[in-house]
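>>> here are the coordinates; sequence isn't available:
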């Protein structure tokens, strides 16, 4: 990706970019997860050194950032020294706006008062906790290393440490789970006062152990009808409890508590992704790193950007991305972004009639029903 | 003056015709070994892949016999399929003898017989050649017995060869010059030249292949195909040496080509006689007939805005295939298209494949239909090959469909299953004949429509490849026919309507409803698929609506993949036809139109 150093590719938008760091390490692998990670923690040191080298390639490309997101993998498996070093280097190489949203994903099992203290000191002001469930049987099924008790303790410490902005990740649609079972999870989450909830339907990805079990017929996802019930109940319950359903799977206790970093993905705002398998986006170009620590490191050792592939969007592709990404959020899409030369189309009326979308001024906003069909919705546009 | 021999190779499919032709060509050193490739006469990809010859090619082989005499041997290759039997007959009419090729392990098969009868009709000298003697399963004595008993030929006259290994080639060449008589004909008489093939060349126009019976033909002559009356000035004549090899003159007995500014192959008719405008022949050569299509189907572009491109492709294709007939057609479901007539199902498949491959068209073909006859209450008779033109049922007095006589040759152990297949296909008047111990020739009268539906594939599979099949059209017979319509959410999908025998309608309807159910993507509402005769529903299936269709996660690493999927879906959508409010993808039409029952 030598062209990233070319001055023609610069963040020229007036919106600040987001910075993502992929920490490709986990203590154990969860059978449903298809994010890239390895369990060989001896590679951490080399990864960190080369990650710092990778930063060099993008020094002046993205301008000022206003979000940092440490995701994975499991960022909290990193030692205090590694975390400290990493943040120090980030601050040295890049410039950040005041009040930058700095999120770290954390496994409840790794959360200790000391860890929280360190994160605070490093400037982290938002946590995303991979709780997944408040039911021990479900946690065992998901092969999580924490228990409900440990989770509750971790959340308590988070409250204690004064992290006022944190999110809880939960999964629904587990085999045998009823909507009532699931609601218990949500009810148990709320007393900890999270500002954010991510509620994902269990998606069985082909390449994961669950995917293999599905193929062998020893695991079954929930039906479409069940998925719909889970989704609508979740939305109803959380909205009743003061949350905004701002993206298919994401809820915030007020607009200020949305994940500003993740919103960049949905609104086509530039982001730089560092680390193996991380994706970056700038202007109309998207590129992504090798999905392999080895290949990632090998390229950097040769002084090359560890880029696996890049693509440059045509205006039609850009339009399509804006459309399908926007339609996943409660902000929808701008009419002008979807219908060039302000030609609207009868298909719009049809979608309104089918209650999939509503039109607010110059924006097309998906309804709940629209959210449920968000993967098909873009196909109904011309 | 070199002596001439004109001959063809006739064989059942896969008995090694093209390989033997290759060896003969190599033996006579017409082409450098380095430039040689297998199936050299089969120039189309589809011919090579399917191992069949579609367009006949001819080649002029220079040969010096053992006795030192020089010969020109004209090998007139013939298409190897029953759909092209008329072309075969014209090629045979241009010869004095044939090599009748029999596979040493397969023995005599239905087409071997049909081919022999055709050769005998033309009083040709038949040289039986037993090929593939290198195979471990070769049964030379058995095949000789079959040649004697089934073909009625003297087995002692048969030659042995392995075209694959190049064995026995010289003996064959010697037999050709010794046994096949030289062509008769008189160069002084008025010109009669039989057209046995025509090919289109974008630079030179139509290249007409012909056999000169009497007279001579040279550049500058004004000629006239006797069935049309148009006249042309000859630009070039020549012989086939794997390329066009111009000569000063073609004269009686010779086989060669004529280029005379004839625009398309449709301006020539295979079987027609060319004569000279001045001093014409008193009568054309016998046997000319216009070939008529027997199988009909509509071709639609998958994307309706490709209609113009399809129209142009068909026009170009037609330049080289006079047997294809077509006219405009239109369907509410599939838009503008063409109703086409074919010589048979293979011909249909060839047209389809070539349009797709060579002309880059994405097309949908409707269920092949035969030509039905309807006698109406007002006393008139109409022929209908398109379900869209099915008459008002209340006005139909009598319906008829074309019948064929199918002749099937199988080892005895398959007789039961073959009879069952034929009965299933409404076969009647069964006759059996035991030409040699262990083998049975079964004849059935069957509706042509039943053969058009994958009959040959079925026969091959139930006989493990040993069954062979040939047919001829016999007559029209009364039949209880109905029009089966397919409805999607109450709307008729006209392109899926078929005319079918009443007893068959329900099975067919069930199959189509099930296939559509599998292929039509679910939508936000319930979709009902029905099969109906008139107003009566005889089959039904339902597609349940989407209740939820959204992936849980979409972050930086998911966007490209998701966009690509949408792009693919959008592209697929462009290829969908909308019936009522239901989008039907091309794959659904293809699946519904597939004729087999699996």
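That came in fine, so what should we check first? Because the structure is predicted, anything quoted here is derived from the model rather than measured.
>>> and stretch B:497-517, how far from the chain's centre?
From the chain centre to the centre of stretch B:497-517 is a distance of 26 Å (Cα atoms, centre = their mean, to the nearest Å).
>>> mind listing residues that contact it?
The list of residues contacting stretch B:497-517 from outside it, by Cβ atoms under 8 Å, 6 or more residues apart in numbering or on different chains, reads B:367, B:369, B:372, B:384, B:387-388, B:390, B:401, B:426, B:447, B:449, B:479-486, B:488, B:496, B:529-533, B:538-543, B:584, B:588, B:591-592, B:594, B:597. Every residue, glycine included, has its C-beta placed from N, CA and C.
>>> 6 Å instead, please
Residues from elsewhere that reach stretch B:497-517, judged by Cβ atoms under 6 Å, 6 or more residues apart in numbering or on different chains: B:367, B:372, B:387, B:480-486, B:529, B:531, B:533, B:538-539, B:541, B:543, B:588, B:591-592.
>>> just those: which are in helices?
Among the contacts of stretch B:497-517, the residues falling in helices (DSSP state H) are B:588, B:591-592.
>>> residues contacting the residue of the stretch 301-450 of chain B found nearest chain A?
Chain A sits closest to residue B:305 of the stretch 301-450 of chain B, with a gap of 14.5 Å, by Cβ to the nearest Cβ. Remark: with contacts taken as Cβ under 6 Å, 6+ apart, residue B:305 is in contact with nothing.
>>> how does chain B divide up, domain by domain?
Recorded structural domains for chain B (assignment: automatic domain parsing) are B:3-179, B:192-276, B:295-365, B:372-479, B:482-593.
>>> show me how far the fourth one is from its chain's centre.
Put plainly, it is domain B:372-479. Here domain B:372-479 is found 18 Å from its chain centre; the criterion is Cα atoms, centre = their mean.
>>> end-to-end on it?
Across domain B:372-479, the straight-line distance between its terminal residues is 10 Å, by Cα to Cα, to the nearest Å.
>>> average pLDDT for it?
Looking at domain B:372-479 alone, the average pLDDT works out to 89.
>>> swap in the last one?
The average pLDDT within domain B:482-593 is 89.
>>> coming back round to it: looking at the domains of chain B, which is nearest to residue A:183?
For these, distance to residue A:183 was read as Cβ to Cβ. The smallest value, 17.9 Å, belongs to domain B:482-593.
>>> returning to that earlier point: who wins for proximity to residue A:307 among the domains of chain B?
When the domains of chain B are compared by Cβ to Cβ, domain B:482-593 sits nearest residue A:307, at 13.4 Å.
>>> most proximal residue of the stretch 51-200 of chain A with respect to chain B?
When distances are taken as Cβ to the nearest Cβ, the stretch 51-200 of chain A approaches chain B most closely through residue A:200, which lies 4.1 Å from it.
>>> skipping adjacent residues, who's closest to that residue in space?
Taking Cβ to Cβ, 6 or more residues apart in numbering or on different chains as the measure, residue A:200 lies nearest to residue B:552, with 4.1 Å between them; neighbours along the chain are not counted.
>>> using the three-state scheme, assign the one you found.
Put simply, residue B:552 is coil when judged by DSSP: H, G, I helix; E, B strand; the rest coil.
>>> thought it was touching residue A:202?
No: Residue B:552 is not in contact with residue A:202 according to Cβ atoms under 6 Å; the separation is 7.8 Å.
>>> which of the two has more neighbours?
Comparing residue B:552 with residue A:202 by neighbour count (other Cβ atoms under 10 Å in any protein chain shown), the higher total belongs to residue A:202, at 21 against 17.
>>> what about chain A, any weak spots by pLDDT?
Under the criterion of pLDDT under 70, the regions of chain A flagged as low confidence span A:1-14, A:340-345.
>>> biggest strand in it, by residue count?
Using DSSP state E, we find that the single longest strand of chain A is strand A:95-106.
>>> quick check: which helices or strands does that one pack against?
strand A:64-72, strand A:126-132 (3 or more Cβ pairs under 6 Å, 6 or more residues apart in numbering or on different chains; DSSP states H and E).
>>> and these as JSON lines, adding mean neighbour count and distance to residue B:515?
As requested, the helices and strands packed on strand A:95-106 are arranged in JSON lines below (neighbours: other Cβ atoms under 10 Å in any protein chain shown; distance: least, Cβ to Cβ, whole Å):
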{"stretch": "strand A:64-72", "mean neighbour count": "23", "distance to residue B:515": "46"}
{"stretch": "strand A:126-132", "mean neighbour count": "25", "distance to residue B:515": "42"}
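>>> adding distance to residue A:261, write those strands out as TSV.
Converted to TSV, these look like this (distance: least, Cβ to Cβ, whole Å):
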stretch	distance to residue A:261
strand A:64-72	4
strand A:126-132	9
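>>> right, and those strands - which one's nearest residue B:65?
Judged by Cβ to Cβ, the one of the helices and strands packed on strand A:95-106 that comes nearest to residue B:65 is strand A:64-72, at 85.0 Å.
>>> any residues touching the closest one, and which ones?
Residues beyond strand A:64-72 that count as contacts (Cβ under 6 Å, 6+ apart) turn out to be A:16-21, A:23, A:37, A:94-97, A:100-105, A:260-261.
>>> what is the subsequent helix or strand relative to that strand?
On the C-terminal side of strand A:64-72, the nearest following helix or strand under DSSP states H and E is helix A:80-93.
>>> each with direction, which strands does the longest strand anywhere in chain B pair with?
With secondary structure taken from DSSP E, chain B has its longest strand at strand B:396-411. Partners of strand B:396-411 in the sheet, by DSSP bridges, are strand B:372-376 (antiparallel), strand B:439-447 (antiparallel), strand B:468-478 (antiparallel).
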